[in-house]
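Participant: would you be able to build a 3D model of this:
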Amino acid sequence: MIRRSTPLPYLPLANPLDLAQALVLVALLRDWQRLRSEQSSRTMSVDYRPHVVVVVAMVGFLWLNAALLRTLHIWTGIPYVLEPMMRSTLVQSALSILWALIAVTTMLSATRLRARVLWLTGAALLLWVVVKLFLVDLASVGTIERIVSFVGVGLLMLLIGYFSPLPPATEESR
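Facilitator: I've put the predicted structure just below:
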């Protein structure tokens, strides 16, 4: 049964649920920045910035995955239940491509920022995608989704190799 998003058409990331979630995330980030600026006048014994960045990245990753799964549910009629979604070759291929796109974006950003740890995080996600391709996506032999998934991830890996070399290690990280 395909669910409709009446009365408005469903647009990924531009629907009421995703917009409300984005606004909550922006409000939390602004509140954290306000608290940080208030505490900067006082001496802080612990720098929470790296922890907040990791939490925001994880929330963003989960949000994008949920938005993808909702989109597939509404547009293709795959039931929004864990077991049928995980058995769907379309869902598995879409997740592989989404994760590879996130890894590419992370690695390209890390190259521009010269952030080695961020680049290695993107590389770890890409490694996870490759493992998923061979263990999960290969189980559905002969599907067009599997072929698209392998070709898409392969092209994204070529882009990484060309545009995003590993940033050099700094003296602090050696």
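Participant: pLDDT wise, what is the most centrally placed residue in the chain at?
Facilitator: Centroid-nearest residue in the chain: Phe61, 3.8 Å away (criterion: CA atoms, centre = their mean). The per-residue pLDDT reported for Phe61 equals 94.
Participant: any idea which helix or strand carries it?
Facilitator: Using DSSP states H and E, Phe61 falls within helix 49-76.
Participant: residues of that helix that come out buried?
Facilitator: By 16 or more other CB atoms under 10 Å, the buried positions in helix 49-76 come out as 64, 67-74. All C-beta spots, glycine's among them, are computed from the backbone N, C-alpha and C.
Participant: what kind of secondary structure is Leu11 in?
Facilitator: coil (DSSP: H, G, I helix; E, B strand; the rest coil).
Participant: follow-up on the earlier one: state the distance from the residue nearest to the centre of the chain to Asp18.
Facilitator: 14 Å (CB to CB, to the nearest Å).
Participant: re the thing from before, what's near enough to touch the residue nearest to the centre of the chain?
Facilitator: Contacts for Phe61 (CB atoms under 8 Å, 6 or more residues apart in numbering) come out as Ile102.
Participant: give me that answer again for 10 Å
Facilitator: 98-99, 102, 106, 125 (CB atoms under 10 Å, 6 or more residues apart in numbering).
Participant: and the residues you listed as TSV, adding pLDDT?
Facilitator: Below are the contacts of Phe61 laid out as TSV (pLDDT from 0 to 100):
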residue	pLDDT
Leu98	95
Trp99	95
Ile102	95
Thr106	92
Leu125	93
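Participant: ranges for the helices of this protein?
Facilitator: 16-40, 49-76, 82-87, 89-113, 116-135, 144-163 (DSSP state H).
Participant: which of the ones you listed sits closest to Ala169?
Facilitator: helix 116-135 (6.0 Å; CB to CB).
Participant: show the model's pLDDT score for Val24.
Facilitator: Confidence score, pLDDT, at Val24: 90.
Participant: what about it, how many residues close to it?
Facilitator: Val24 sits with 11 neighbouring residues when counted by other CB atoms under 10 Å.
Participant: list the residues that contact it.
Facilitator: Val59.
Participant: any idea how far it lies from Thr121?
Facilitator: Noted for Val24: a distance of 24 Å to Thr121, by CB to CB.
Participant: same question for Pro9.
Facilitator: Pro9 is 35 Å from Thr121, by CB to CB.
Participant: what do you get for Ile97?
Facilitator: Distance from Ile97 to Thr121, counting by CB to CB: 19 Å.
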